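Peer 1: what's the 3D shape of this:
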Amino acid sequence: MKTLPMFLNGEWIEAGDGATREIFNPSNNQMLAVVTDGGELETEFAIAHARRAFDEGPWPQMRAPERAGYLFKLADLIEKNADALAKIETRNSGKPLREAKFDVADATGCFRYYAGLVTKPLGQTYEVSDPVIQAMVVREPVGVCGQIIPWNYPLLMAAWKLAPGLAAGNCCILKPAETTPLTAIELFKLIAEAGFPPGAAQLVLGSGSTAGYALAASMDVDKIAFTGGTATGRKIMTAATGNIKKVTLELGGKSPCIVFADADFEVALEYAMFAIFAGQGEVCSAGSRLILDKKIADKFLARLAEASAGIVVGDGLDPKTEMGPLITPAHMEKVLGYIEAGRSEGAETICGGHRLTDGALAAGNFIAPTIFVKTQPEMKIVREEIFGPVLAVQLFASEEEAVSLANDTIYGLAAGVFTSDSGKGLRVLKKLRAGITWLNTYHPTFNEAPWGGYKQSGIGRELGTFGLDAYLETKQININLAPARLGWFRSAG
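Peer 2: So this is what the prediction gives:
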């Protein structure tokens, strides 16, 4: 099997020491590909070329409409190859094909959004007190940007990082997750086809502890953007202090989905399922805590358990599949460990709670949709991010208790509220300490709106105008329109 290379300074290159990594399909754990496995040497090579490309190359000097043209061309190429990209994404990440198709479409839209946004006004002028001074602000690219993405949305997270970074005129180095590099490789084939200048966009393949750390610690990298776990985010923050580089972190979550008794029952029921079981629960904003009104608990939970047990779990390429496998056997065992911890601490499952091994499922990393009741706030399954199809139910008797339970977490990424009383819904949303909130819906994400969290869910925002701001410096310029002697120092004459 041919080794797939990384993309450095406009060329496809393998690791200097010949190191490789096998990539597997989580639906059957069969090998999909062999990729080169870079380390510190290759990462430093990429950084050096990005530094030169930013300091001396054409990309940062291009006018915004010209850079936008490259992004529009890339978006067109992604759209042209959408079917192939979606199938690769499904084979590599396990997610159902219908979800992968949405991701490809969103990635296409992300590049188009920032291609359009970067040509809009980005500066300001001021009328200041001095009549001969013209004051203004211009926006300039940050410089060399290291971008580290997770395995749950491989193509979409690459777009979220690269689109604003490149649009702003930065030179970007993308490091995908070790387990899911295949659509990133395909994306960089399209970047090469679109004709981006060497060094403007590079792809480093390797582990987080080597390639990722080298990006975060380098004195020649001006910004690091990371999406992933909170523990790793802390390490990146520490590594980034060497040159006080700019940091954007989108980290973990333990997001609440609050359902009041006056909500549309069937709507709330399906969204409660969608909030946690879409993407196998391997979603940072997953609604992994159902905060449920006691008045409807018995009826709601009975229907929720029945409906969740009917979710079709299988290979993502099977059109009948509604939920796919977890990413690796090791992650599956971690999630199963949380399930056992929930039981040992006294919670009860009303659905799932086990690995699925019937027929072809035995070869993959499949866990049944799992729902825990009789939980307590101090339980691990309530407090810690599981990143799998495991839902913890908490009951409330009042609006104030619902808000208190929802905010009782170290995280603050997302939250959803379901009620027919829009006033109450907005009132509750304003009290929730979360960066992304929804009323009578869950999970919709738009390129136009900012994405990020409160508390230990991260720093900064991606997407929207906020996402572009994160890749721009702000420079103040003051121009003397009538230069004349200042008369401040007598010795000057």
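Peer 1: wasn't residue 188 part of a helix?
Peer 2: Yes. Applying DSSP: H, G, I helix; E, B strand; the rest coil, one finds residue 188 inside a helix.
Peer 1: pretty sure it sits against residue 200.
Peer 2: No. Counting by Cβ atoms under 8 Å, residue 188 stays clear of residue 200, with 11.4 Å between them. Heads up, the C-betas are built off the backbone N, CA and C, glycines and all.
Peer 1: under the pLDDT cut-off, which ranges of the stretch 51-200 of the chain? List them.
Peer 2: Scanning the stretch 51-200 of the chain for pLDDT under 70 picks out nothing.
Peer 1: no no, the stretch 301-450 of the chain
Peer 2: Using pLDDT under 70, nothing in the stretch 301-450 of the chain is flagged.
Peer 1: how about the helices in it?
Peer 2: Using DSSP state H, counting those that start in this stretch, the helices of the stretch 301-450 of the chain run over residues 329-344, 380-383, 399-407, 422-431.
Peer 1: which helices and strands does the second one pack with?
Peer 2: What that stands for is helix 380-383. helix 329-344, strand 390-396 (3 or more Cβ pairs under 8 Å, 6 or more residues apart in numbering; DSSP states H and E).
Peer 1: apply 6 Å and report the result again.
Peer 2: helix 329-344 (3 or more Cβ pairs under 6 Å, 6 or more residues apart in numbering; DSSP states H and E).
Peer 1: ok, now the first one?
Peer 2: Packing partners of helix 329-344 (3+ Cβ pairs under 6 Å, 6+ apart): helix 380-383.
Peer 1: let's see 7 Å
Peer 2: Counting contacts by 3 or more Cβ pairs under 7 Å, 6 or more residues apart in numbering; DSSP states H and E, helix 329-344 packs against helix 380-383, strand 390-396.
Peer 1: the last one: partners in the sheet, and parallel or antiparallel?
Peer 2: Counting by DSSP bridges, the strands paired with strand 390-396 are strand 289-293 (parallel), strand 370-373 (parallel).
Peer 1: between these, which one is closest to residue 272.
Peer 2: strand 289-293 (5.6 Å; Cβ to Cβ).
Peer 1: ok, and what's touching that closest one?
Peer 2: Applying Cβ atoms under 7 Å, 6 or more residues apart in numbering, the set of residues contacting strand 289-293 from outside is 254-261, 272, 300, 382, 391-396, 402, 405-406.
Peer 1: please apply the same query to stretch 117-131.
Peer 2: 64-65, 67-68, 135-139, 167-168, 465, 468.
Peer 1: next: stretch 428-447.
Peer 2: Counting by Cβ under 7 Å, 6+ apart, 109-110, 113, 255, 257-258, 267, 271, 274-275, 278, 285, 287, 399, 402-403, 406-407, 412-418, 425-426, 451-455, 457, 463 sit against stretch 428-447.
Peer 1: and it, which residues are buried?
Peer 2: For stretch 428-447, the neighbour count (16 or more other Cβ atoms under 10 Å) marks 428-429, 432-440, 442-443, 447 as buried.
Peer 1: filter the contacts of stretch 428-447 down to the buried ones.
Peer 2: 109-110, 113, 255, 257-258, 271, 274-275, 278, 285, 287, 399, 402-403, 406-407, 412-418, 425, 451-453, 455, 457, 463.
Peer 1: so between residue 188 and residue 200, which is more surrounded?
Peer 2: residue 200 (27 against 24; other Cβ atoms under 10 Å).
Peer 1: still on that earlier bit, reformat the buried residues of stretch 428-447 as CSV; add distance to residue 46.
Peer 2: Output for these, formatted as CSV (distance: Cβ to Cβ, whole Å):
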residue, distance to residue 46
428, 46
429, 42
432, 40
433, 38
434, 36
435, 31
436, 32
437, 38
438, 38
439, 44
440, 45
442, 38
443, 34
447, 27
